[in-house]
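[1] sequence and computational prediction follow.
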Amino acid sequence: MGSCNKPQQQQQQHVQGPIIIGAGPSGLAVAACLSEHKVPFVILERHNCIASLWQNKTYDRLKLHLPKQFCELPLKGFPHTFPKYPTKYQFISYMESYASHFNIHPIFNQTVESADFDKGSKVWVVKTQEVDYSSRWLVVATGENAEPVVPRIHGMELFNGDVAHTSVYKSGSEYRNKKVLVIGCGNSGMEVCLDLCRHNAKPYMVARNTVHVLPREMFGFSTFGVAMALYKWFPIKLVDKIILLATNFILGNTNHYGIKRPKTGPIELKLATGKTPVLDVGQVAQIKCGNIKVMEGVKEITRNGAKFMDGQEKEFDAIILATGYKSNVPTWLKGCDFFTEDGMPKTPFPHGWKGEQGLYTVGFTRRGLQGTSCDAIKIAEDIAEQWRTVEDKSHCDSHIILLNNS
Ligand SMILES: Cc1cc2nc3c(=O)[nH]c(=O)nc-3n(C[C@H](O)[C@H](O)[C@H](O)COP(=O)(O)OP(=O)(O)OC[C@H]3O[C@@H](n4cnc5c(N)ncnc54)[C@H](O)[C@@H]3O)c2cc1C
Ligand SMILES: NC(=O)C1=CN([C@@H]2O[C@H](COP(=O)(O)OP(=O)(O)OC[C@H]3O[C@@H](n4cnc5c(N)ncnc54)[C@H](OP(=O)(O)O)[C@@H]3O)[C@@H](O)[C@H]2O)C=CC1
Ligand SMILES: O=C(O)C(=O)Cc1c[nH]c2ccccc12
């Protein structure tokens, strides 16, 4: 009997210019900058749309945290009509017009399964389900938030109610009147708790560690903008002192409510470890009035709820894992020691954008969209310079061929 499982021959495709993996803001920013330099490229994207993190994995009420001038990509800013803090829908529409303005057409439904440098032919070979793409240059733009972090918590498999990661949370409307355990107190955990409050659910938020909560604005200016302006003139420790003084004045002492501050200041911590401070858009008021209950670490999950480190035990209808995200680079990038086992470049910002043998990374700076813009401009310039040399060489070669033929 003939086998139906005969492996299909992979299609081979050599790409002129770089292969960019990922059609999020980072991949699109590099593509736009390359277009400016008239360098061709191919973008491979696993989903069927651009900015899939924003389109598919974020909640309805999400807005940018930083003012729009800190979140725009190179060469084309946000429309003037957008508010200071655009909504996620406005951000997506900006991404869509950005892609169409620069005529960027990613190849969708292409999940990169492996990328390997072929030392013989000196090209990167990038394999998706059906095609082997090859190029001299590889731009990794798969993001710091490529996969949800789903920790193993003792007893989780016993829990009777729903368990969902924030990447699939859309709105609190599904949780009306429910008691919800939110594990994690980063920006996602805190904002999901706020959204749950607004839908009459009862959130309990687990803060197993210290965290900086800052007001989004101080005295009419964005906290981020104030910190960056101060940082131009003052050492980081003084900047943090000023920011925390103003924060205490605006938010009061959050220690009373179970939210404890790290010893290291918020900006120093962000720059050193990438841990983003939580920006308050109403969560602190809900914590203060007891609508969001702050809990210490979870000891174990039970059939109907959870036991906590401090000995308390409570029943819950649902659990939301606000436990963050991770890079997926180590699962597919082979034979290259440019990345740590966490999938982040080993070389810290601002030097982590360029590796060996035509390898580049964009958007792994732990500095949000600002970091993306910095990387994208440098990568495009670097590749464009090599591209011009290749082009000049091919012109010379064709000239020689012409002469030979005449
Ligand atoms: C809820 C949330 C809110 C945020 N808000 C802000 C903010 O206000 N300001 C800010 O500066 N930053 C913010 N960030 C950080 C965010 O990471 C950046 O805004 C931005 O999305 C990063 O862009 P990126 O292109 O590097 O990564 P992503 O947006 O994650 O894009 C990566 C793309 O690569 C694709 N991909 C991944 N693996 C593969 C593969 N193996 N094969 C093919 N394609 C693949 C993905 O599908 C995705 O489309 C936020 C993050 C989250 C989660
Ligand atoms: N409006 C906006 O602009 C928003 C921006 N964002 C951004 O998206 C990115 C991701 O944020 P987020 O999803 O909050 O992820 P984060 O990585 O920032 O936070 C994860 C949280 O989960 C906790 N956690 C992880 N594992 C466990 C565990 N086993 N038990 C208990 N707690 C655990 C962490 O605690 P610990 O610190 O102890 O590890 C931390 O509090 C950030 O850059 C953030 O700023 C997110 C939402 C909104
Ligand atoms: O929301 C994010 O993940 C960001 O990275 C935005 C961001 C970059 N640098 C910061 C410093 C303080 C607060 C937010 C950010």
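    It's in. Ligands and ions are numbered 1, 2, ... in the order given.
[2] what residues does stretch 287-295 touch?
    181, 185, 193-194, 197, 202-207, 252, 254, 257-259, 283, 286, 308, 312 (C-beta atoms under 8 Å, 6 or more residues apart in numbering). Just so you know, the C-beta spots here come from the backbone N, C-alpha and C atoms, and that holds for glycine as well.
[3] could you redo the last one with a cut-off of 7 Å?
    Under the criterion C-beta atoms under 7 Å, 6 or more residues apart in numbering, residues 193, 197, 203-207, 257-259, 283, 286, 308 lie in contact with stretch 287-295.
[4] filter the residues you listed down to the buried ones and hand me the PyMOL line.
    To isolate the buried ones among these in PyMOL, judged by 16 or more other C-beta atoms under 10 Å, type:
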select buried, resi 193+197+203+204+205+206+207+257+259+283+286+308
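[5] the bottom helix or strand of the chain by mean pLDDT?
    Within the chain, confidence by mean pLDDT, DSSP states H and E is lowest for helix 368-405 among all helices and strands, at a mean of 76.
[6] hey, where'd the helices end up in the stretch 101-250 of the chain?
    Assignment of helices within the stretch 101-250 of the chain using DSSP state H, counting those that start in this stretch yields the ranges 187-198, 223-231, 236-251.
[7] now do the nearest residue to V123 once chain neighbours are set aside, the pLDDT please.
    Spatially, and ignoring its direct neighbours in sequence, V123 is nearest to S134 (4.5 Å; C-beta to C-beta, 6 or more residues apart in numbering). On the pLDDT scale, S134 is placed at 98.
[8] check contacts around S134.
    Taking C-beta under 7 Å, 6+ apart as the test, what S134 contacts is 14-15, 123-125.
[9] do G305 as well
    G305 sits in contact with 313-316, where contact means C-beta under 7 Å, 6+ apart.
[10] among those residues, which lie within helices?
    Nothing among the contacts of G305 maps onto helices, per DSSP state H.
[11] got the residues of this structure near ligand 2?
    Contact residues (C-beta under 6 Å from any ligand atom) of the chain with ligand 2: 62-65, 151, 153, 166, 183-189, 191, 206, 208-209, 276, 322-325.
[12] weed out the non-buried ones from the residues you listed.
    When those are checked for burial by 16+ other C-beta under 10 Å, the buried set is 62-65, 153, 166, 183-189, 191, 206, 276, 322-325.
[13] near ligand 1, which of these show up?
    Near ligand 1, by the rule C-beta under 6 Å from any ligand atom, you find 62, 64-65, 188 out of those.
[14] widest-spaced pair of those residues?
    L64 and S188 (14.2 Å; C-beta to C-beta).
[15] pLDDT at the nearest residue to F339 once chain neighbours are set aside, what is it?
    Spatial nearest neighbour of F339, excluding adjacent residues (C-beta to C-beta, 6+ apart): V329 at 5.1 Å. At V329, the predicted lDDT confidence score is 98.
[16] same deal with H256?
    89.
[17] look up how far P266 lies from it.
    19 Å (C-beta to C-beta, to the nearest Å).
[18] ok, the two, which is more surrounded?
    Ranked by neighbour count (other C-beta atoms under 10 Å), H256 and P266 place P266 first, with 24 against 9.
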